[in-house]
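Trainee: how would this look folded up:
(one chain, ligands or ions: 1)
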Amino acid sequence: MRVKQIRRWILLGRAESFDAMSDLPKDLRAALAAEFTPLGTTIRKHLIASDATHKLLIRLHDGRHIECVLIQEDRRRTACISTQVGCAMGCVFCASGLNGVERNLTSGEILEQLIRLRNLTPPSDRLTHIVVMGMGEPMANLDQLLQALEVASHKDGLGISARHITISTVGLPAKMLRLAESGKQYHLAVSLHAPNNALRSKIVPTNEHTGIEAILQAADTFYAKTGRQVTYEYVVLGGLNDGPAEARELAQLLRGRQAHVNLIPFNDVEGLPYRRPTTEALQHLVKTLRQSGISVKIRKRKGSEIDAACGQLRQQVQREAMATAGTKM
Ligand code: SAH
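Mentor: Purely as a prediction, here's the structure:
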């Protein structure tokens, strides 16, 4: 009974201390507080952008850091969460993988990001959507992620509909097939970024071993099993993957598939040589895809002044820590 009460307090009652759990006996609250904390992480930095995007830098029990973001638009409250400390995929334009992966997050650490972000919303609000698009490759930590999402989507948990939960992957076919088999209605987003293997392998190093064909096949199976349309994400890198030839090739690749394309203009990362695309290049991509009957959107930019794109705040804090260590020596 007590466990149930405590779970309710954390998941529904927004309690961040045992003391706030007013229907627990006072001595039990004190005894618990002497040994435990309801949440195992702490907030190291909290940034708020003018468009009401919040970004948290969260400190884990072992001193490592992860990032998560709350994006607010009309009545939508979207949590963007991480699944790993760092990332092993090494996509050339991404800040999360600059120093490789340190470890997987536990299901508790994944869930706590959602609780922390939900606790930032007014009491009458709840999270409506989740995008697993923070640091890390979700499919490389699928078991822990699925456990956390089970609680997130449960009516006695955070009550977020599975259909409003998007898992974004670099494209690990075996894991995509496992997700398809799970019978869950999660939405799958595949980070494609290039229409052919030569270019994709330059941008997404893991493509060398995987190849676009196996990824598209796994995505088609996901659609067949779940009935859920797959989104293809395409980070648009000025002068690299945004020319008329790539636009044509991308349209050809996806034509006839139940696919939606999200074009994501590159977000600048300090120290990386890539640039944002021109408006003309973006518009040409959109036009070419639409002419082939493919649904396409340009991702809106949110929270840009707080470095909301994944991995950037952690990079900054690591640099600061290194600079401080440097002055001490
Ligand atoms: N590992 C997963 C989830 C990570 S990030 C994946 O690869 O999908 C979610 C999306 O943000 C991915 O499509 C990723 O390519 C994109 N992204 C990462 N860094 C970016 C940047 N600097 N600018 C624009 N999009 C970026």
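
Trainee: who in the chain is up against the ligand?
Mentor: With Cβ under 6 Å from any ligand atom as the criterion, the chain comes near the ligand at residues 89, 91, 93-94, 133, 137, 168-170, 191, 233, 235, 264, 266-267, 269, 309-310. Backbone N, C-alpha and C define where each C-beta goes, glycine included.

Trainee: narrow those to those in helices?
Mentor: Using DSSP state H, no member of those falls in helices.

Trainee: which ones among the residues you listed are found in strands?
Mentor: Residues from the residues of the chain next to the ligand lying in strands, with DSSP state E as the criterion: 168-169, 191, 233, 235, 264.

Trainee: count of neighbours near Ile71?
Mentor: Neighbourhood size, Ile71 [other Cβ atoms under 10 Å]: 22.

Trainee: any stretches of this structure with poor pLDDT?
Mentor: 307-313, 317-329 (pLDDT under 70).

Trainee: which strand in it has the most residues?
Mentor: The chain, longest strand under DSSP E: strand 65-73.

Trainee: could you dump the ones in strands among the residues of the chain next to the ligand to TSV with neighbour count and distance to Pro25?
Mentor: Shown next, in TSV, are these (neighbours: other Cβ atoms under 10 Å; distance: Cβ to Cβ, whole Å):
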residue	neighbour count	distance to Pro25
Ser168	21	44
Thr169	25	46
Ser191	24	50
Glu233	19	50
Val235	26	54
Ile264	20	51
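
Trainee: domain parsing for the protein?
Mentor: 1-38, 40-328 (automatic domain parsing).

Trainee: and among those, the most buried is which?
Mentor: Highest mean neighbour count among the domains of the chain (mean count of other Cβ atoms under 10 Å): domain 40-328, with a mean of 18.

Trainee: A strand includes Ala194, no?
Mentor: No - assessed with DSSP: H, G, I helix; E, B strand; the rest coil, Ala194 is coil; it does not lie in a strand.

Trainee: mind checking the SS state of the nearest residue to it once chain neighbours are set aside?
Mentor: Once flanking residues are discounted, Ala194 sits nearest to Arg200: 3.7 Å by Cβ to Cβ, 6 or more residues apart in numbering. Three-state assignment for Arg200 (three-state DSSP): helix.

Trainee: pull the contacting residues for Arg200.
Mentor: 192-194, 207, 212 (Cβ atoms under 8 Å, 6 or more residues apart in numbering).

Trainee: just checking, what packs against the helix or strand that the longest strand of the chain is followed by?
Mentor: Once strand 65-73 ends, the next helix or strand along the chain (criterion: DSSP states H and E) is strand 76-80. Packed against strand 76-80 by the contact rule (3 or more Cβ pairs under 8 Å, 6 or more residues apart in numbering; DSSP states H and E) you find strand 65-73, helix 107-118, strand 129-132.

Trainee: strand 76-80 versus helix 107-118: what angle between them?
Mentor: 140 degrees (axes from the mean of the first three to the mean of the last three Cα atoms, to 10 degrees).

Trainee: partners of the next helix or strand after strand 76-80, with directions?
Mentor: As assigned by DSSP H and E, the chain's next helix or strand after strand 76-80 is strand 84-86. Strand pairing for strand 84-86, using DSSP bridges, gives strand 101-104 (antiparallel).

Trainee: other residues contacting the partner strand?
Mentor: Taking Cβ under 8 Å, 6+ apart as the rule, strand 101-104 contacts 64, 83-88, 136, 140-141, 144.

Trainee: check the offset of that strand from the chain's centre.
Mentor: Taking the mean of its C-alpha atoms, strand 101-104 sits 15 Å from the chain's own mean (Cα atoms, centre = their mean, to the nearest Å).

Trainee: repeat for stretch 41-50
Mentor: In terms of Cα atoms, centre = their mean, the centre of stretch 41-50 is found 17 Å from the chain centre.

Trainee: which element is the residue of the chain most remote from its centre on?
Mentor: Distance from the C-alpha centroid of the chain peaks at Asp27, with 40.2 Å (Cα atoms, centre = their mean). For Asp27, the element it lies in under DSSP H and E is helix 26-35.

Trainee: which residues touch the residue most central in space within the chain?
Mentor: Central residue of the chain (Cα atoms, centre = their mean): Met133, 1.6 Å from the mean position. Met133 makes contact with 80-81, 166, 168, 189, 310, according to Cβ under 8 Å, 6+ apart.

Trainee: need phi/psi at it.
Mentor: Dihedral angles of Met133 (phi, psi; degrees, to the nearest 10) stand at phi -130, psi 20.

Trainee: kindly provide the distance from the nearest residue to Arg8 once chain neighbours are set aside to Leu11.
Mentor: The shortest distance from Arg8 to any non-neighbouring residue, by Cβ to Cβ, 6+ apart, is to Asp156 (7.9 Å). Going from Asp156 to Leu11 by Cβ to Cβ, to the nearest Å gives 7 Å.

Trainee: likewise Ser161?
Mentor: Ser161 sits at a distance of 16 Å from Leu11 (criterion: Cβ to Cβ).

Trainee: got it, and Ala95?
Mentor: Ala95 is 31 Å from Leu11, by Cβ to Cβ.
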